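Participant: build the 3D model from these lines:
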Amino acid sequence: MSRVLYADPAGNITAIVRGAASEDRADIVREILKQNRAEQVGFEVQPQHGACGRLEMMGGEFCGNAARSFGFLKAAEQWESGVHTVGIEISGAEQIVGVCADLDAQTAFAQMPLPLECCSCEVDGFAYPVVRMEGISHLIAENTEPSELFVSHALAAAKKLKWDAFGILFLQKNHMTPVVYVKQSDSLVWESSCGSGSLACGWYLAKRMTGPIDGKTGFAFSQPGGRIDVELQVKDGTVLSAAMGGSLRLSVWTDL
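Facilitator: As a prediction, the model looks like this:
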């Protein structure tokens, strides 16, 4: 029997499904999304590279909030309290992702795969930066008013880029409104928060900073569902590692 648990990482409600047969996934996704109980769905499967668990998202995309939610869940199933780091696998990421879970404070931070490159995409005659990552690419629309019209134009312009999932991030100073389209599930969601989008914005802003940057630097992005913190380790202007996270809550398992 399939069971589902709902995670709330800064409002980006993620359904984690356990025990589902592969042929039932599409129906499960449709039912959960139809009920408006979650913005995205991930399926727990057997790990392939020796991690404590693996989560495959509904469209095979990478999701930072889902990664830290799943890591927090795996830690909570092993320990009752304390701060613990676990390694999990998630679709869209080739390497094991480390998640640091504070079970008492109810926070989780995921070590994130670094962006691959920054390119550009022209929308309505203006070139916007696109941060390409494993499993997802994000267009950063800085100082652009969020609108469905802009989203449709951006998705049409981005068709020439290769991506499994594409985010449009409306960034105004430290406030970010994320919209994510997943190709395989043909789903477009104005998300309450986006972990990989937060990292993309932090990485982009750090790269844009003038002068030598060394040591740890951080960004905090308020989003419709809450705040996500980004921590970057930088040396001579090069980002060496990155983590993102913040508060997180889990529901209890229920039968599907």
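Participant: for Ser81, what is the enclosing helix or strand?
Facilitator: Counting by DSSP states H and E, no helix or strand carries Ser81.
Participant: and it, how far is that from Asp104?
Facilitator: 5 Å (CB to CB, to the nearest Å). For glycine as for every other residue, the C-beta is placed from the backbone atoms N, C-alpha and C.
Participant: and if you look at Ala220?
Facilitator: Applying CB to CB to Ala220 and Asp104 gives a distance of 22 Å.
Participant: now do Ile140
Facilitator: The separation that Ile140 has from Asp104, given CB to CB, amounts to 35 Å.
Participant: buried sites along stretch 11-23?
Facilitator: 11-18, 20 (16 or more other CB atoms under 10 Å).
Participant: and which of those residues is nearest His175?
Facilitator: Taking CB to CB as the measure, His175 sits nearest to Gly11 out of the buried residues of stretch 11-23, at 13.8 Å.
Participant: number of nearby residues for the closest residue to the closest one other than its chain neighbours?
Facilitator: Closest residue to Gly11 apart from its sequence neighbours, by CB to CB, 6 or more residues apart in numbering: Gly225 at 1.6 Å. Applying other CB atoms under 10 Å, we find 19 other residues in the vicinity of Gly225.
Participant: check Pro146 too.
Facilitator: 17.
Participant: try the one 10 residues further on
Facilitator: Other residues within reach of Ala156 by the criterion other CB under 10 Å amount to 10.
Participant: kindly report the same for Arg30.
Facilitator: 13.
Participant: what of Gly59?
Facilitator: Based on other CB under 10 Å, the number of other residues close to Gly59 is 23.
Participant: show me what contacts it?
Facilitator: Neighbour list for Gly59: 164-165, 182-185, 187 [criterion: CB atoms under 8 Å, 6 or more residues apart in numbering].
Participant: so how do I select the buried members of these in ChimeraX?
Facilitator: The buried subset of these, as determined by 16+ other CB under 10 Å, is captured in ChimeraX by this line:
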select :164,165,182,185,187
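Participant: could I get the contacts of Gly59 as JSON lines with pLDDT and distance to Leu116?
Facilitator: JSON lines is the format used below for those (pLDDT from 0 to 100; distance: CB to CB, whole Å):
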{"residue": "Asp164", "pLDDT": "80", "distance to Leu116": "13"}
{"residue": "Ala165", "pLDDT": "89", "distance to Leu116": "14"}
{"residue": "Val182", "pLDDT": "89", "distance to Leu116": "19"}
{"residue": "Lys183", "pLDDT": "87", "distance to Leu116": "18"}
{"residue": "Gln184", "pLDDT": "84", "distance to Leu116": "20"}
{"residue": "Ser185", "pLDDT": "83", "distance to Leu116": "23"}
{"residue": "Ser187", "pLDDT": "87", "distance to Leu116": "23"}
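Participant: mind checking the SS state of the closest residue to Ala7 other than its chain neighbours?
Facilitator: Counting by CB to CB, 6+ apart, Ser69 is the residue found nearest to Ala7 once chain neighbours are left out, at 3.5 Å. Here Ser69 is recorded as helix under DSSP: H, G, I helix; E, B strand; the rest coil.
Participant: got the contact list for Ser69?
Facilitator: 7, 9, 14, 16, 108, 248, 250.
Participant: against Ile88, how distant is it?
Facilitator: Counting by CB to CB, the gap from Ser69 to Ile88 is 10 Å.
Participant: so where's the stretch 151-256 of the chain shaky on pLDDT?
Facilitator: Regions of the stretch 151-256 of the chain meeting the criterion pLDDT under 70 cover residues 210-213.
Participant: coming back round to it: so which of the buried residues of stretch 11-23 comes closest to Leu199?
Facilitator: Asn12 (13.6 Å).
Participant: would you mind measuring from that closest one to Glu39?
Facilitator: Asn12 is 6 Å from Glu39, by CB to CB.
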